[in-house]
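In: sequence first, then the predicted structure:
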Amino acid sequence: MSTMLSEDRDFNGLGEQTTDGQTRLTGGSMASIPEYYAGKNVLVTGATGFMGKVLVEKLLRSCPEVKALYLLVRPKAGQSMQQRVSDMMVCRLFDRVREDNPDFHQKIIPISSELTQPGLAISPEDVEKLSACINVIFHCAATIRFDEPLKHALQLNVIATQQLLSLAQQMNHLEAFIHVSTAYANCNRKHIDEVIYSPPVEPKKLIESLEWMDDGMVRDITARLIGDRPNTYTYTKALAEYVVQQEQDKLNIAIIRPSIVGASWQEPFPGWIDNFNGPSGIFIAAGKGILRTMRANNDAVADLIPVDVVINLTLAAGWYTAKHRPKPALVYNCTTGGINPFHWGEIEHHVMLSWKRNPLEQAFRRPNTNITSNYLINQYWILVSHKFPALIYDFFLRLSGQKPQMMRIFNRLHKAIGLLEYFSSRDWEWNSENMSMLMSQLTPEDRKTFNFDVRQLNWPEYIENYCIGTKKYVLNEDMSDIPAARQHLRKLRNIRYTFNTLLVVFIWRVFIARSQMARNIWYFVVSLCFKFLSYFRASSTITN
Ligand SMILES: CCCCCCCCCCCCCCCCCC(=O)SCCNC(=O)CCNC(=O)[C@H](O)C(C)(C)COP(=O)(O)OP(=O)(O)OC[C@H]1O[C@@H](n2cnc3c(N)ncnc32)[C@H](O)[C@@H]1OP(=O)(O)O
Ligand SMILES: NC(=O)C1=CN([C@@H]2O[C@H](COP(=O)(O)OP(=O)(O)OC[C@H]3O[C@@H](n4cnc5c(N)ncnc54)[C@H](OP(=O)(O)O)[C@@H]3O)[C@@H](O)[C@H]2O)C=CC1
């Protein structure tokens, strides 16, 4: 890989590598990223998802001469694919593109596709159209659920990728195929290089075996199959990388491996986020005062990466792959830990600070989350700070004739944090040399427009914008309501003080009623207080 890199660096804008490994001199300086995408037809899968949307927006905004974006979209939840794409384009994420070019939607061509179906359920006419015009593919679609049944995860993350690769081979003008993987595809290793590791099993054999098994049988063998990986997601993403690698002789391929993708850092505006995945749901649950404890290692690196950084790198990788056609295919570990590390303990601190400054509306309790790596301590706080308040709250809901709901919310939260704990309790080392190499290949202008230099990332500022982003864009809360949210937190504090005082008095009353010793202590403390009071009164009378 390192030989490959140095060879690539030598091109430095002077030549291109052809598919048969020959270097063809182009004799001039290399086109910038926007110049490269000008006039190109780009195919995007997963465009309605978190990262796909940001990719579409950035491509339209920073490469305004791109010819067309073909989006593979399925109808969902009673909405046609056309309706879904129209809804996507009116969302706030596209405000800046809309300002620059109100007609940007004309460049977007939705193609009906259900990736889990044979042939991706693309009509023959559309296949013909795509085969004739597509220049670059960005494959973002995947199931990212950690509890996905193996068969479905395999269908979408592996088989659909295989089918897309077959389609790509029919495309006459394809210059680059960019596959979005995850930095955790090989999370069973501590140190992860920018190489494709041997798959845990030959994907073809697994696909054939699972074909005849019913869901129950697959469920029974899933744990054995995934082995030391935590879920079917990371397992199938590892298989998908291998499947992509198999085609590297026929296509110009790159694999992007982002770590934990968070809200945007700078673009299109700081803090943009639209989902509860990964840390976002945790931050929100902490801000609402629901999450009080979670298992995480304070000193482990929290490898968050802003979504705009990932997308800038992905677009740059598309440009580089098309121009240089590196063989073997390059893998880009898109991570922050080795360059600008930040730890879960620091994240906790800054998230709490941020919620103090910009509280969420209608919090259940005052935000106060603590992370611990100790299982027993965590279980204790779950009982005291999650289950006990939930029981009391549900009891009052029942008394007032309403349906109890808090315990149900906590059960869902516990399921979610149970699935995330694996990632917050360990740390990994990723080699990210290719990210640095790619940066060195950009023109100074592209380095600004497609910035993925995470050395400049100021974590406290980023975390604050991230929390504000979840408030504004996920929960649709208004920033002007912050004074009311603060007032609500003060009310909660007073309720808590009153509750604690009543609890102490109650417990003490029970003790006094039952124990002579408790009564003696009580009389002793009360008489001591009286003595102090009369001493202070006497001394203040003398000084007056
Ligand atoms: C404060 C300090 C803290 C510091 C420590 C922080 C530690 C953080 C650790 C984060 C580690 C993240 C690691 C990720 C690593 C892999 C990265 C990737 O490659 S891949 C990327 C990572 N991949 C992932 O992150 C996927 C992980 N997620 C999953 O696998 C599943 O969501 C699930 C199994 C957790 C829940 O399944 P299920 O119970 O079936 O629930 P559904 O999903 O069906 O959602 C139902 C509805 O609830 C909504 N909602 C959801 N959450 C929340 C919330 N917290 N609240 C409120 N609402 C929430 C949801 O929007 C939906 O609404 P609607 O659409 O119905 O209106
Ligand atoms: N988010 C993260 O933290 C990370 C994500 N990644 C990778 O980045 C990529 C994008 O992730 P992200 O944007 O967060 O994921 P999302 O869940 O937000 O988006 C997934 C996309 O895939 C599409 N999709 C899912 N199933 C099908 C199907 N059967 N047919 C057609 N389209 C389908 C979804 O479409 P629909 O709207 O119709 O459901 C959606 O557009 C994935 O490959 C993921 O592995 C890697 C590291 C971290």
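Out: Thanks, I have the structure now. The structure presented is a predicted model; accordingly, all values stated were derived computationally and were not measured. Ligands and ions are numbered 1, 2, ... in the order given.
In: my guess is residue 95 contacts residue 272. True?
Out: No: counting by CB atoms under 8 Å, residue 272 is not a contact partner of residue 95; they are 10.2 Å apart. C-beta here means a position set from N, CA and C on the backbone, and glycine is covered the same way.
In: which of the two has more residues huddled nearby?
Out: residue 272 (26 against 13; other CB atoms under 10 Å).
In: who's in contact with the nearest residue to the more buried one once chain neighbours are set aside?
Out: Of all residues not flanking residue 272 in the chain, residue 264 sits nearest, at 4.3 Å (CB to CB, 6 or more residues apart in numbering). Residue 264 makes contact with 54, 270, 271, 272, 273, 306, 307, 308, 469 under the criterion CB atoms under 8 Å, 6 or more residues apart in numbering.
In: based on its surroundings, how many neighbours for residue 77?
Out: With other CB under 10 Å as criterion, residue 77 counts 5.
In: quick one: contacts for it?
Out: Residue 77 neighbours (CB under 8 Å, 6+ apart): none.
In: per-residue confidence for it?
Out: The per-residue pLDDT reported for residue 77 equals 90.
In: roughly how far apart are it and residue 91?
Out: 16 Å (CB to CB, to the nearest Å).
In: got it, and residue 162?
Out: For residue 162 relative to residue 91 (CB to CB), the value is 32 Å.
In: same question, residue 467
Out: On the measure of CB to CB, residue 467 and residue 91 end up 20 Å apart.
In: do residue 273 as well
Out: 12 Å.
In: quick check, residue 323 in a strand?
Out: No: secondary structure of residue 323 (DSSP: H, G, I helix; E, B strand; the rest coil): helix, not part of a strand.
In: ok, it touching residue 30?
Out: Yes: counting by CB under 8 Å, residue 323 does reach residue 30; the two are 5.9 Å apart.
In: helix, strand or coil for residue 198?
Out: Classified using three-state DSSP, residue 198 is coil.
In: so for it, what's the pLDDT?
Out: On the pLDDT scale, residue 198 gets 94.
In: and the residue in the stretch 151-300 of the chain positioned nearest to ligand 1, what does it touch?
Out: Closest residue of the stretch 151-300 of the chain to ligand 1, CB to the nearest ligand atom: residue 281 (2.8 Å). Residue 281 makes contact with residue 416 under the criterion CB under 8 Å, 6+ apart.
In: of residue 162 and residue 91, give the one with the bigger neighbour count.
Out: Using other CB under 10 Å as the criterion, residue 162 and residue 91 rank with residue 162 on top: 18 against 12.
In: how many other residues sit next to the closest residue to the more buried one other than its chain neighbours?
Out: Residue nearest to residue 162 in three dimensions, not counting chain neighbours: residue 243, with 5.3 Å by CB to CB, 6+ apart. With neighbours defined by other CB under 10 Å, the count for residue 243 comes to 21.
In: surely residue 243 and residue 157 touch.
Out: No: Residue 243 is not in contact with residue 157 according to CB under 8 Å; the separation is 9.4 Å.
In: tell me the SS of the spatially most central residue of the chain?
Out: In the chain, the centroid-proximal residue (CA atoms, centre = their mean) is residue 261; its distance is 3.6 Å. Recorded secondary structure, residue 261: strand (three-state DSSP).
In: the strands in the stretch 351-500 of the chain, which residues?
Out: When secondary structure is read from DSSP state E, counting those that start in this stretch, the stretch 351-500 of the chain shows strands at 370-372, 429-430.
In: what pairs with the first one, and is each one parallel or antiparallel?
Out: Its sheet considered, strand 370-372 pairs with strand 293-295 (parallel) by DSSP bridges.
In: repeat for the shortest one
Out: Strands flanking strand 429-430 in the sheet, each with its direction: strand 191-192 (parallel) (DSSP bridges).
In: how about the contacts made by the closest residue to residue 419 other than its chain neighbours?
Out: The shortest distance from residue 419 to any non-neighbouring residue, by CB to CB, 6+ apart, is to residue 146 (4.3 Å). The contact partners of residue 146, by CB under 8 Å, 6+ apart, come to 230, 231, 232, 233, 419, 420.
In: how many residues are close by the closest residue to residue 133 other than its chain neighbours?
Out: Nearest residue to residue 133, sequence neighbours excluded (CB to CB, 6+ apart): residue 41, at 4.5 Å. If you count neighbours by other CB under 10 Å, residue 41 ends up with 22.
In: for residue 41, give the beta-bridge partners.
Out: If you apply DSSP bridges, the partners that residue 41 bridges to are residue 68.
In: how close does it get to ligand 1?
Out: In this view, residue 41 and ligand 1 are 28 Å apart by CB to the nearest ligand atom, to the nearest Å.
In: hmm, residue 107 and that residue touching each other?
Out: No: applying CB under 8 Å, one finds residue 41 not in contact with residue 107, separated by 9.8 Å.
In: need the residues touching each of the two.
Out: Common neighbours of residue 41 and residue 107 (CB under 8 Å, 6+ apart) are 67, 68, 69.
In: buried only: go through these for me.
Out: Among the shared contacts of residue 41 and residue 107, those buried by neighbour count (16 or more other CB atoms under 10 Å) are 68, 69.
In: let's have the shared contacts of residue 41 and residue 107 in CSV, adding distance to residue 360 and pLDDT.
Out: Listed next are the shared contacts of residue 41 and residue 107 as CSV, based on distance: CB to CB, whole Å; pLDDT from 0 to 100:
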residue, distance to residue 360, pLDDT
67, 43, 97
68, 40, 98
69, 35, 98
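In: ligand 1: which of the shared contacts of residue 41 and residue 107 is nearest?
Out: residue 69 (23.5 Å).
In: residues contacting that closest one?
Out: 41, 42, 43, 44, 47, 56, 59, 60, 107, 108, 109.
In: what does residue 257 give?
Out: Residues counted as contacts of residue 257 (CB under 8 Å, 6+ apart) are 181, 182, 183, 185, 194, 331, 332, 333, 334, 335, 430.
In: switch to 6 Å and redo it
Out: 181, 183, 333, 334 (CB atoms under 6 Å, 6 or more residues apart in numbering).
In: ok, residue 170 next?
Out: For residue 170, the contacting residues are residue 131, by CB under 6 Å, 6+ apart.
In: please enumerate the helices of the stretch 51-200 of the chain.
Out: 81-89, 95-100, 124-133, 150-153, 160-169 (DSSP state H, counting those that start in this stretch).
In: distance to ligand 2 and mean pLDDT added to the ones you listed, as CSV?
Out: Compiled in CSV, the helices of the stretch 51-200 of the chain are given as follows (distance: least, CB to the nearest ligand atom, whole Å; pLDDT from 0 to 100):
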stretch, distance to ligand 2, mean pLDDT
helix 81-89, 7, 94
helix 95-100, 18, 95
helix 124-133, 14, 97
helix 150-153, 9, 96
helix 160-169, 7, 98
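In: which stretch among those comes nearest residue 212?
Out: The closest of the helices of the stretch 51-200 of the chain to residue 212 is helix 150-153. By CB to CB, the value is 11.4 Å.
In: any buried residues in that closest one, and which?
Out: Using 16+ other CB under 10 Å as the test for burial, helix 150-153 gives 150, 151, 152, 153.
In: wait, the second one sits on residue 217?
Out: Going back to what we said before, that points to residue 151. No: using CB atoms under 6 Å, residue 151 makes no contact with residue 217, being 10.0 Å away.
In: find the closest residue to ligand 2 in this structure.
Out: Closest point on the chain to ligand 2, by CB to the nearest ligand atom, is residue 49, at 2.0 Å.
In: which residues touch the nearest residue to that residue once chain neighbours are set aside?
Out: Closest residue to residue 49 apart from its sequence neighbours, by CB to CB, 6+ apart: residue 140 at 6.2 Å. Counting by CB under 6 Å, 6+ apart, residue 140 touches 45, 46, 51, 52, 180.
In: surely the last one meets residue 254?
Out: Put plainly, it is residue 180. No: under the criterion of CB under 6 Å, residue 180 makes no contact with residue 254, lying 9.9 Å away.
In: now for residue 278, how many residues are close by?
Out: 19.
In: how near is it to residue 458?
Out: 21 Å.
In: filter the contacts of residue 146 down to the ones near ligand 2?
Out: When CB under 6 Å from any ligand atom is applied, no member of the contacts of residue 146 is adjacent to ligand 2.
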